[in-house]
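1. the amino acid sequence is not available; the structure is as follows:
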């Protein structure tokens with residue numbers, strides 16, 4: 001018994017593969033998350049964004065307060081804010097537009113201002129605030145002896161960072 005190959009099968013599989021490869025990416029694009037993944041800074045209160053400053057990534061502001069991007073300030077990512085602020089544009093900023101999220105509509109009654117030649121990717125509104133982690137009020141004691149080892153804690157106040165090393169005495 002001999003097998004007979006039909007040309008239709010290979011054409012159907014190619015057509016199915018082409019449709020499958022075209023439709024699946026569209027599904028992922030349509031369901032892409034509304035928030036960017038390059039969040040660089042999270043702040044409670046409105047920051048001062050002036051001059052030739054630059055933030056590489058996105059900034060999330062947790063409270064509904066007036067914020068202004070002045071002069072040549074550059075925010076390479078998005079500005080994420082809660083609720084529904086009003087937008088005021090003065091000068092010639094580089095701005096990709098506003099994207100409304102799915103979070104709450106309040107607070108309102110505050111303003112985002114883009115002045116001069118500042119640069120902002122997107123203003124993302126209706127972003128629900130996140131909780132910030134708790135930070136210790138005082139840094140740990142720099143030196144603490146434990147048995148035959150000495151625990152050394154190096155505190156870098158500029159970077160708000162500390163590292164712990166266990167060192168053998170003697």
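-> Thanks, I have it. The shown structure was predicted, so the numbers you read here are calculated from the model rather than taken from an experiment.

2. switch to C-alpha atoms for all contacts and neighbour counts from now on
-> Will do.

3. would you map out the domains in this protein?
-> Domain assignment for the chain by automatic domain parsing gives 39-125, 139-170.

4. what's the least confident stretch among these?
-> Sorting the domains of the chain by mean pLDDT places domain 139-170 lowest, at a mean of 57.

5. ok, the residue nearest to residue 130 when sequence neighbours are not counted to residue 52 distance?
-> Counting by C-alpha to C-alpha, 6 or more residues apart in numbering, residue 130 lies nearest to residue 62, which is 7.1 Å off, once chain neighbours are set aside. If you measure residue 62 against residue 52 using C-alpha to C-alpha, to the nearest Å, the figure is 24 Å.

6. more neighbours: those two, which one.
-> residue 62 (21 against 12; other C-alpha atoms under 10 Å).

7. quick check: the more buried one vs residue 90, distance?
-> Distance from residue 62 to residue 90, by C-alpha to C-alpha: 24 Å.

8. in a strand, residue 68, correct?
-> Yes: the assignment for residue 68 is a strand, going by DSSP: H, G, I helix; E, B strand; the rest coil.

9. okay, and the beta partners of the closest residue to it other than its chain neighbours?
-> Excluding its sequence neighbours, the residue lying closest to residue 68 (C-alpha to C-alpha, 6+ apart) is residue 113, at 4.6 Å. On the basis of DSSP bridges, residue 113 is bridged to residue 68, residue 88.

10. what's the burial count for residue 113?
-> 15.

11. same thing with residue 108?
-> Using other C-alpha under 10 Å, residue 108 is surrounded by 14 other residues.
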